[in-house]
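> Give me a model of this one.
(4 chains)
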2 protein chains.
Amino acid sequence: MLTNFLFMIVVMRPLKANRLTSSFTLHKFFLFLLQPFSFVCYDSFMENIRNVLEEYNVTTIKDIARVAGVSVTTVSRALNGYSDVNEKTRAKIMQIAKELNYSPNTLARGLVMKKSKTIGLLVSGLSRESMKDQITFSVLAGVNEFVSEQDYDLVLFSTNSTKQREKTYTQLCRERRVDGAIIQGIKTDDPYLKEVVESDIPCILIDIPIESDTVGYVTTDNVLGARKAVNHLLDLGHKHIGMINGHSRAFVSQRRLEGYIDAIQASGLSVKKEWIVDGKFEEEKAREEALKLLKKYPEITAIFCASDLMAFGAIKAANELGKNVPNDLSVVGYDDITLAAYSNPPLTTVSQNIFELGYQSANLLINMLEGNLEQHMITLNTKLMIRESTAALK
Amino acid sequence: MLTNFLFMIVVMRPLKANRLTSSFTLHKFFLFLLQPFSFVCYDSFMENIRNVLEEYNVTTIKDIARVAGVSVTTVSRALNGYSDVNEKTRAKIMQIAKELNYSPNTLARGLVMKKSKTIGLLVSGLSRESMKDQITFSVLAGVNEFVSEQDYDLVLFSTNSTKQREKTYTQLCRERRVDGAIIQGIKTDDPYLKEVVESDIPCILIDIPIESDTVGYVTTDNVLGARKAVNHLLDLGHKHIGMINGHSRAFVSQRRLEGYIDAIQASGLSVKKEWIVDGKFEEEKAREEALKLLKKYPEITAIFCASDLMAFGAIKAANELGKNVPNDLSVVGYDDITLAAYSNPPLTTVSQNIFELGYQSANLLINMLEGNLEQHMITLNTKLMIRESTAALK
DNA sequence: GTCATTTTCCAAAACGTTTCGGATATAAGG
DNA sequence: CCTTATATCCGAAACGTTTTGGAAAATGAC
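Numbers count the residues shown, from 1 in each chain, chains lettered A, B, ... in the order given. Below is the predicted model of the structure:
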């Protein structure tokens, strides 16, 4: 039997990367001649062949049209609920679509409609470090919630600053074809910010109060939140209240400082500039600053921190100095992260509903996209959570 | 002046939802006649007109071709780095592309290439509740990291079970045109799971060991992890070790139980079935179970919990019974969530690098997509974090 | 100088959808 | 019966890319 076969080994010159037509066709012609023989092809053709075979068969609107015996136009209009198609035809088309397991190609649709039904979430700190304060995550969860309710898609843009150099914000959005974007955790001096305002892509900023035709924002009432915190300390009898703020490039810091000053002054006390320090929103940095502050001004009996993480730093500092929280020093945080309720002692803090922040951002953005303009801005409330890191002055 | 104007109020019959051609054209003809007059149109036409005006002008490959005086083919090939275009021409084209601020339309590209360079992350628990254990979030961050390194896009699928009824997994993936998916937090009896294996869409499962041509998985060595935890307790001299597991439908629970049994038996002790209970991975449920367990079997001096959250529940239960952790009862958790290090007492637990879990999932998936098949499975290591919730038996 | 190859370019088709501008048949109004 | 409006359908163009199959010019081999 075996002797009836003709064995050949064909050595072909390798194909260049370039798509050399003449020799390319020659190759193919050669293969064609060889058809009657079984042969093993160790060529890059293999790849192409495999790809063709692997391509899974998705049903398109055309297939439905063919089966139903109508035009693609009719199928499209039937599926999209237009009134100019007979209910009987529509039923038939729907039936066939279901049977063929049809699902529309969003790419094609987006291409012709110039809308992708997709919004982008630009987060700066989606890395290992940012997991402690789940702020980023909560925003994301909120955004995701609303977005999926509205049948939009959510795509994540993460920006390490190396990438930022390469691609502008506009490019990013346009390339991914998002209809709009939500931006969180960006600093006020970030180059993206300028671009956002200048570009014509609808965008919602979280905690940055900028408004324009295409830009809106969602934030919490940071002034009032800070006032609540400081008033709580004042109510407990504290007269010497320090503050550990974030950094001046953050809008929230500016506002929380404002609230702190408001509350102090409203109570008839005077603000001491030297009791206000910046902790960069970092636990460690806050610890250092608190240490310095408490050493230098031992009369301080309470500290208001612009974030919970920094409050933890302050508590650590106090402990290092042999001070007990809350007996010797009261500490109030801001954010109400999960950790706050579990820490030792449980942290009194200003709770902001960050999930809601994300949710409302998405709400605002999608309203903007759909043309229900309304307003471009939402301010959410805060709530003081009184736990055990604060106590009445003895 | 004003008197020279001719004022008209035109009342048109409102347009039906249906695209009535004859009257539609009539309307338009009418508008045409009115051209010389200024008029205010309170018609649904307004919307269309606005849309046309708003459409931002994006530069396409065609524009570049026109400006450069070459064909679109050449522009495409130039931009994509093919070798059959003169370097001079390429330079010119690149230059023009930059000047015109060109960014390619991914939709169009995806449409013709049948690849979207997008992967989907299917998370079940992206809601308010799941924020305590940032497992979901960590996975997400890990996936996002790798995905963005590889210039893929990440889109989020969240599935409340109401939606799940409406759309099958396959539909979801096909509709969003993702090239592949990563699935996390799904139960073993979830209807999606069957679909995943049956469909031909490449997919990576997290912590579910299923393998096929298009399905791979990433997990940690749960057996070994549990053994480490239990061995630690044994080393401390404990002989009466209970276990609070998750639920039997979770693969990780099955494995962790296996590890627990292995370790106990290897030490020459015998396994007591009645010391093993299920806490549903919930803090509250674990508290209840621990309470029952500790009351019924006061000889138990140590408990191994299949999650940190449940360990917290166990600690609460112990405290309620007047037992001190770790002096009267040692507790080991699993996961090493952020809270673990901050709780009181800090929790001894088995740390799994969940960020890495996500990262490697994305790695595996993208390798699969690009055809570098290698293996379909990765197992990561765990590490025992010894803190203060465990102590030597007195 | 001739033939084969390489370099450089291009027109046209394809991807799957929506929309535009009708076409046809039927119903309503007079 | 004629006119007009309605209901139902369709062909073709468009969206912005990539890829196919070549063509033309330049270069090299002999």
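> for the closest residue to chain B within the stretch 101-250 of chain A, phi and psi?
Sorted by distance to chain B under C-beta to the nearest C-beta, the residues of the stretch 101-250 of chain A start with A:Phe137, at 4.1 Å. In short, each C-beta sits where N, CA and C put it, glycine included. Torsion angles at A:Phe137 (phi, psi; degrees, to the nearest 10) stand at phi -60, psi -40.
> of all the residues in the stretch 251-394 of chain A, which ones are close to chain B?
A:338-339, A:342-344, A:355, A:371 (C-beta under 8 Å from any C-beta of the partner chain).
> circling back to that earlier point, what's the burial count for the closest residue to the residue of the stretch 101-250 of chain A closest to chain B other than its chain neighbours?
Closest residue to A:Phe137 apart from its sequence neighbours, by C-beta to C-beta, 6 or more residues apart in numbering or on different chains: B:Phe137 at 4.1 Å. A total of 25 residues lie near B:Phe137 under the criterion other C-beta atoms under 10 Å in any protein chain shown.
> same thing with the one 10 residues further on?
Counted with other C-beta under 10 Å, the neighbours of B:Val147 add up to 26.
> Check the one 4 residues further on too.
Counted with other C-beta under 10 Å, the burial measure for B:Asp151 works out to 9 neighbours.
> right, and it touches B:Thr118 too?
No. In this structure, B:Asp151 is not within contact of B:Thr118 by C-beta atoms under 8 Å, at 10.8 Å.
> quick one on the thing from earlier: please read off the pLDDT at the residue of the stretch 101-250 of chain A closest to chain B from the model.
Per-residue confidence (pLDDT) for A:Phe137: 85.
> where do the strands sit along the stretch 51-200 of chain A?
All strands of the stretch 51-200 of chain A, identified by DSSP state E, counting those that start in this stretch, fall at A:118-123, A:153-158, A:180-184.
> Determine which of those strands approaches B:Leu329 most closely.
strand A:118-123 (41.0 Å; C-beta to C-beta).
> Give me the contact list for that closest one.
Outside of strand A:118-123, the residues within contact range by C-beta atoms under 8 Å, 6 or more residues apart in numbering or on different chains are A:110, A:136, A:139-140, A:143, A:147, A:152-159, A:169, A:172-173, A:176-186, A:192, A:362, A:365-366, A:369, B:155.
> one more time with 7 Å, if that's ok
With contacts defined as C-beta atoms under 7 Å, 6 or more residues apart in numbering or on different chains, strand A:118-123 is touched by A:136, A:140, A:143, A:147, A:152-159, A:173, A:176-185, A:365.
> show me the contacts for A:Lys62.
A:Lys62 touches A:Val72, counting by C-beta under 7 Å, 6+ apart.
> Okay, it and A:Gly69: tell me how far apart.
13 Å (C-beta to C-beta, to the nearest Å).
> what do you get for A:Phe281?
65 Å.
> Could you check which of the two is surrounded by more residues?
The neighbour comparison of A:Phe281 against A:Gly69 (other C-beta under 10 Å) goes to A:Phe281, with 21 against 10.
> Pick the one among the residues of the stretch 251-394 of chain A next to chain B closest to B:Glu87.
A:Gly371 (47.2 Å).
> pLDDT at the spatially most central residue of chain A, what is it?
The residue lying closest to the centre of chain A (C-alpha atoms, centre = their mean) is A:Leu121, at 3.6 Å. Note on A:Leu121: pLDDT of 92.
> show me the contacts for the nearest residue to it once chain neighbours are set aside.
Among residues not flanking A:Leu121 along the chain, A:Ile182 sits closest, at 5.1 Å (C-beta to C-beta, 6+ apart). By C-beta under 7 Å, 6+ apart, the contact list for A:Ile182 reads A:119, A:121-122, A:143, A:204, A:206, A:361-362, A:365.
> packing partners for the helix or strand hosting A:Ala229?
Using DSSP states H and E, A:Ala229 maps to helix A:222-235. The helices and strands touching helix A:222-235, judged by 3 or more C-beta pairs under 7 Å, 6 or more residues apart in numbering or on different chains; DSSP states H and E, are helix A:251-266, strand A:302-305, strand A:330-335, strand A:348-352, strand A:382-385.
> The second one - contacts with which helices or strands?
Packed against strand A:302-305 by the contact rule (3+ C-beta pairs under 7 Å, 6+ apart) you find helix A:222-235, strand A:241-245, helix A:308-320, strand A:330-335.
> ok, back up a step: B:Ile135 is in contact with the residue of the stretch 101-250 of chain A closest to chain B, correct?
No. Under the criterion of C-beta atoms under 7 Å, A:Phe137 is not in contact with B:Ile135, lying 10.8 Å apart.
> Distance check, the closest residue to A:Tyr359 other than its chain neighbours against B:Ile183.
Excluding the flanking residues, the one nearest A:Tyr359 by C-beta to C-beta, 6+ apart is A:Gly142, at 3.8 Å. Remark: distance between A:Gly142 and B:Ile183 (C-beta to C-beta) = 22 Å.
> Which of the three states applies to the closest residue to A:Ile261 other than its chain neighbours?
Closest residue in space to A:Ile261, ignoring its immediate chain neighbours: A:Val271 at 5.3 Å, by C-beta to C-beta, 6+ apart. Using DSSP: H, G, I helix; E, B strand; the rest coil, the three-state assignment for A:Val271 comes out as coil.
> need the contact list for A:Val271.
Contacts of A:Val271 by C-beta under 7 Å, 6+ apart are A:261, A:264-265.
> where's it relative to DNA strand C, distance?
59 Å (C-beta to the nearest atom of the strand, to the nearest Å).
> got it, and A:Lys383?
If you go by C-beta to the nearest atom of the strand, the gap between A:Lys383 and DNA strand C works out to 45 Å.
> who's the residue nearest to that residue when sequence neighbours are not counted bridged to?
Excluding the flanking residues, the one nearest A:Lys383 by C-beta to C-beta, 6+ apart is A:Ser351, at 4.7 Å. A:Ser351 has the following beta-bridge partners by DSSP bridges: A:Asp335, A:Lys383.
> what's the neighbour count on A:Ser351?
19.
> where does it land on pLDDT?
Reported pLDDT for A:Ser351: 96.
> isn't it right up against A:Asp336?
Yes. With contacts counted by C-beta under 7 Å, A:Ser351 reaches A:Asp336, the gap being 3.5 Å.
> which neighbours do the two share?
A:Met385.
> tell me, how many neighbours does A:Gln352 end up with?
24.
> for the nearest residue to it once chain neighbours are set aside, which residues make a bridge with it?
The spatially closest residue to A:Gln352, leaving aside those adjacent along the chain, is A:Thr220, at 4.5 Å (C-beta to C-beta, 6+ apart). For A:Thr220, the beta-bridge partners are A:Leu380 (DSSP bridges).
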